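Trainee: predicted model and sequence below, questions to follow.
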Amino acid sequence: MSISNYKSLIVSQSKIREALAELPRRGELFRHNFKIVFTNGVFDILHAGHVDYLSKARACGDALVVGVNRDASVTRLKGKGRPINSELDRAKIIAALKPVDFVVLFSDDTPEKLIKIIQPDVLVKGADYKISEIVGAEFVKSYGGSVKRIRLTPGRSSSSVIKKISKKKATL
């Protein structure tokens, strides 16, 4: 599949429920207890930690939806100079990963509205968050869903990659 084909996995907030409804009809995925997993992030510079995290998130259910912050919200959250990569580039890269079924871009600083639209069976976030700090956790638990925290790969973050690049650039 070429990178342009991954754009079909990038779905708008208004179409994500419809896209998810089609998944259980795909032969091998048909199950009565089909579980939708949701996670979110900036995913500015993809690294091994992201791949590990998304693989572990996907293992929590049958389909993984990843919310990706739009550029303006990344700038508000991470500061001037971020994101490094545009929202469409980040969405395409995440959509191209095997564990990911759909990517949804969102404009708010938190994915709360998106979580309410998707109503995932499992909400996943990094173990660096306490359950009480995870946006949408109470909502997901209110209808019987679960919230899982995944241990992050030590020493892997977009911020650390950016710092490493900056240091190498300074020595050139």
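Mentor: Thanks, I have it. Numbers count the residues shown, from 1 in each chain.
Trainee: tell me where the protein has strands.
Mentor: Listed in chain order, the strands of the chain (DSSP state E) span 36-41, 63-69, 102-106, 122-126, 146-150.
Trainee: tell me the strands beside the second one, with direction?
Mentor: Strand 63-69 has its sheet partners listed here by DSSP bridges as strand 36-41 (parallel), strand 102-106 (parallel).
Trainee: now the angle between strand 122-126 and the longest one, please.
Mentor: When you say that, I think you mean strand 36-41. An angle of 30 degrees separates the directions of strand 36-41 and strand 122-126 when computed by axes from the mean of the first three to the mean of the last three CA atoms, to 10 degrees.
Trainee: so what touches strand 36-41?
Mentor: 20, 50, 53-54, 57-58, 60-69, 106, 111, 114-115, 118-125 (CB atoms under 8 Å, 6 or more residues apart in numbering). For every residue, glycine as well, the C-beta is placed using N, CA and C.
Trainee: residue 90 and residue 132: what is the separation?
Mentor: Spatial separation of residue 90 from residue 132 under the definition CB to CB, to the nearest Å is 28 Å.
Trainee: when those two are compared, which one has more neighbours?
Mentor: More crowded of residue 90 and residue 132, by other CB atoms under 10 Å: residue 90, with 25 against 7.
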